[in-house]
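>>> I'd like to go over a predicted model; first the sequence, then the structure.
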Amino acid sequence: MLENIVFDLDGTLWQTGDSYVYAYHKLCSLYNINEKVSDEVVKSYLGVKLDKLLCDLFPSVQDKTTLAKEAVQFSIDYILQNPSECCYQGVVEVLKELSQNYKIHVVSNCPKNYVETFLQVSNTTQHVADFFTIEMGEKSQHISQIAGGVCGKTLFIGDCDDDYLSIENHFDVVFCYAQYGYKSCRCYDYKIANPLELLDVVQRISIKERQLVGKPYRVFSCGDNQLTLIHNASGADYFGFVNYDDQDFGNVICQLKQFSRGHLIGPIDGNTFYPYRFATDNFDLHFYPDCNNGKQVVDLFQSHGFHFKQFYVSTIATVNERMWRLSKKAKLPKGYTVKLVSGTEAFQYLDDIYQLTIEAFAEADFYEEIPKQDFVELYMKNIEDVVPDMTLFFYGNQLVGYNFCYEDPLKRYYVCKTTAIHKAHRNNSLVMLMVDYSYSMLVAKGYKYALHHFQNDTTKTLQGIFRGHEVLQKHYALMEWKREN
């Protein structure tokens, strides 16, 4: 789980460009320098190591040690005189809230007394566990030291490419780009337009951590392109993505392959788990990767040595009258009972449904168990705006099967979301009865079309339900790549 949150200083926690400009002009006056650079050029050195800044802006001054002390002191003088100008709006609130659950660190290329001034001016000393400055080493060293001291994840927030590069090769560090800062950054795991958005990022990281139950992962990105790599115990690495843009996506794929262990399967991971399934609920024909409408994505993966491993399909179909007539003849086997529930009543069976889902799909290809907390808090919240219809099959008091359907919120079709039967109770009668009940509910609600959601393209039983009655299909491609020895 997430344990550490590390902040860069300039351009992330506060905006001290005016203090740099003030110090620059004071030094120019002190050393009788008449040929000056513009204030914009001075501000461009925010976050740059002090020795480089002084060498570039004051090449004629020989005593750089004294110059450095004077530069920092002038900058501090300005900050102490103008304390309200420095912190970005929301920084103090964010530090206060996050410090209640996480250990907060500050790293900076600036000297110690500069960071101490920030803590004094912002009145946040009590919220920051420790800080690391240029006297103590490089940012990358500080990040490694902080991340190495815990078992969980570390989140680093910065505003430039150098900040991102400082966490390169770390599977235990996540990078958030402070887009509001002075610099720019093309690579990041998350980005925020203001400090308060960090609270949402922390929540999203916590969700992903629960989904991946301690599996090592990292995100490769460039602009809006992102790919998540997960190291699984099986030796095959899973990957997934939500965002895609033609430009630079190929470069991100190269990063993914470089840091994998040589065997990649995807997209199927915590990065895409919820969006992937709920986008198909709405039959989003632009959702990737799709071998019908996302051909450019598949072609790009293939150009990097990937091939098709498996297909999934979502199908909109009319009622198969012949299948329905056959299903009506099915009899409930001895010892079984059936119960129909609708709306909020369905939520009374969440514990049984959750456990049965795990048991029913445990042997399915690439099945990833959903943590209980996410199942209740996230997965079920996505259907709060619909009225679920469920057919529950019991053997004695044990729930052994369910069929979960609901109306498409746009009233286009009836969604046959999930059918699950315990392995020990799979028989043709229960399958056919589920067909009968789902068709009956569809017709009773006045629908002509059913959406059979995200099924394995090789599942013959479910294919038989809509074979010959397809109105529209969307195919999803699962890709695989293996490194040649």
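Sure, I can see it.
>>> Please count neighbours and contacts with C-alpha atoms only from this point.
Will do.
>>> After the helix or strand bottoming out on mean pLDDT in the chain, heading C-terminal, what element do we hit next?
Here the helix or strand of the chain ranked lowest by mean pLDDT, DSSP states H and E is helix 273-281, holding a mean of 43. Next helix or strand after helix 273-281 toward the C-terminus (DSSP states H and E): helix 295-303.
>>> right, and the helix or strand after that next one?
Immediately after helix 295-303, counting by DSSP H and E, sits strand 307-318.
>>> got the contact list for the following helix or strand past that next one?
Downstream of strand 307-318, the first helix or strand assigned by DSSP H and E is helix 321-328. Helix 321-328 is contacted by residues 432-433, 435-436, 439, 464-465 when judged by Cα atoms under 8 Å, 6 or more residues apart in numbering.
>>> Just the buried residues from the residues you listed, in ChimeraX please.
In ChimeraX syntax, the buried subset of the contacts of helix 321-328 is picked out as below (16 or more other Cα atoms under 10 Å):
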select :432,433,435,436,439,465
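>>> Quick one: the contacts of helix 321-328 as a markdown table, columns for pLDDT too.
Conversion of the contacts of helix 321-328 to a markdown table gives the following (pLDDT from 0 to 100):
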| residue | pLDDT |
| --- | --- |
| Met432 | 92 |
| Leu433 | 94 |
| Val435 | 90 |
| Asp436 | 93 |
| Tyr439 | 92 |
| Gly464 | 66 |
| Ile465 | 70 |
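>>> Filter the contacts of helix 321-328 down to the ones in helices?
Counting by DSSP state H, the part of those found in helices is 432-433, 435-436, 439, 464-465.
>>> Just send those back as TSV, with distance to Ser60 too.
Below are the ones in helices among the contacts of helix 321-328 laid out as TSV (distance: Cα to Cα, whole Å):
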residue	distance to Ser60
Met432	88
Leu433	88
Val435	85
Asp436	88
Tyr439	85
Gly464	83
Ile465	82
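>>> nearest to Phe394, of these?
Of all the ones in helices among the contacts of helix 321-328, Leu433 has the smallest distance to Phe394: 13.0 Å, by Cα to Cα.
>>> contacting residues for that closest one?
For Leu433, the contacting residues are 327-328, 330-332, by Cα under 8 Å, 6+ apart.
>>> could you redo the last one with a cut-off of 6 Å?
By Cα atoms under 6 Å, 6 or more residues apart in numbering, Leu433 lies in contact with Ser327.
>>> cool, Tyr180 as well?
Shown in contact with Tyr180 (Cα under 6 Å, 6+ apart): Ala193.
>>> helix, strand or coil for it?
Taken by DSSP: H, G, I helix; E, B strand; the rest coil, the conformation at Tyr180 corresponds to coil.
>>> how close does it sit to Glu197?
The gap separating Tyr180 from Glu197 is 11 Å, by Cα to Cα, to the nearest Å.
>>> ok, residues contacting stretch 145-159?
By Cα under 6 Å, 6+ apart, stretch 145-159 touches 1-8, 12, 172-178, 181, 183.
>>> Domain boundaries for this structure, per the record?
17-85, 320-447 (automatic domain parsing).
>>> okay if I get those as CSV plus distance to Lys153?
CSV is the format used below for the domains of the chain (distance: least, Cα to Cα, whole Å):
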stretch, distance to Lys153
domain 17-85, 25
domain 320-447, 18
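>>> looking at the ones you listed, which one has the lowest mean pLDDT?
Lowest mean pLDDT within those: domain 320-447, at a mean of 85.
>>> What's the end-to-end length of that one?
One end of domain 320-447 sits 13 Å from the other (Cα to Cα).
>>> what's the spacing between that domain and its chain's center?
The chain centre lies 29 Å from the centre of domain 320-447; the measure is Cα atoms, centre = their mean, to the nearest Å.
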